[in-house]
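Engineer: give me the fold of what follows.
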Amino acid sequence: RGCPLLSVYDYPSMEAQKERFLARGWSRCQVKDMNEIYRSHLDQSEVERIHKLELMDEFEEWHLIQGHYFVLTASRPEECSWVHNFNIFNPKTEAAEEN
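Structural biologist: Model prediction:
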């Protein structure tokens, strides 16, 4: 696809990516792949509506590709931990705030 994943051999998993940051002195690290974000943070009724418009027949391949991309936050020192409070890492917090 013309998108080489240059670090995939050194850091083949999200856990390896997380350890990469922790081993270099970051005190806190969180990571989610794009499939988790797709399942946890998008309005599923909107996803269904889009699926009907975009007659995509390659969802298996799309999910495979999305598994290679992730959102990672790392912080040091602890005073900078506010970055970990984004709802992307705490979906239940988001639902609680709406109620």
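
Engineer: the helices in this protein, which residues?
Structural biologist: For the chain, the helices defined by DSSP state H occupy 14-22, 34-41, 44-53, 59-66, 91-98.

Engineer: could I get those helices as CSV with mean neighbour count and mean pLDDT?
Structural biologist: C-beta: built from backbone N, CA, C; applies to glycine. Shown next, in CSV, are these (neighbours: other CB atoms under 10 Å; pLDDT from 0 to 100):
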stretch, mean neighbour count, mean pLDDT
helix 14-22, 15, 94
helix 34-41, 15, 86
helix 44-53, 9, 82
helix 59-66, 12, 83
helix 91-98, 10, 44
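
Engineer: quick one: closest of these to Cys80.
Structural biologist: Ranking the helices of the chain by their distance to Cys80 (criterion: CB to CB) puts helix 14-22 first, at 13.2 Å.

Engineer: ok, residues contacting that closest one?
Structural biologist: Ser7, Asp10, Tyr11, Cys29, Gln30, Val31, Lys32, Asp33, Phe70, Leu72, Ala74 (CB atoms under 8 Å, 6 or more residues apart in numbering).

Engineer: just among those, which is most surrounded?
Structural biologist: Ala74 (20 neighbours; other CB atoms under 10 Å).

Engineer: and that one, how far from Cys29?
Structural biologist: 4 Å (CB to CB, to the nearest Å).

Engineer: residue contacts, the residue nearest to His63 when sequence neighbours are not counted?
Structural biologist: In space, and not counting its chain neighbours, His63 is closest to Asn35: 5.6 Å by CB to CB, 6 or more residues apart in numbering. With contact set as CB under 8 Å, 6+ apart, Asn35 has these partners: His63, Gln66, Gly67.

Engineer: can you rerun that using 10 Å?
Structural biologist: By CB atoms under 10 Å, 6 or more residues apart in numbering, the residues touching Asn35 are Trp62, His63, Leu64, Ile65, Gln66, Gly67, His68, Tyr69, Phe70.

Engineer: still on that earlier bit, mind putting the helices of the chain in JSON lines, distance to Trp82 included?
Structural biologist: Shown next, in JSON lines, are the helices of the chain (distance: least, CB to CB, whole Å):
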{"stretch": "helix 14-22", "distance to Trp82": "17"}
{"stretch": "helix 34-41", "distance to Trp82": "19"}
{"stretch": "helix 44-53", "distance to Trp82": "29"}
{"stretch": "helix 59-66", "distance to Trp82": "27"}
{"stretch": "helix 91-98", "distance to Trp82": "14"}
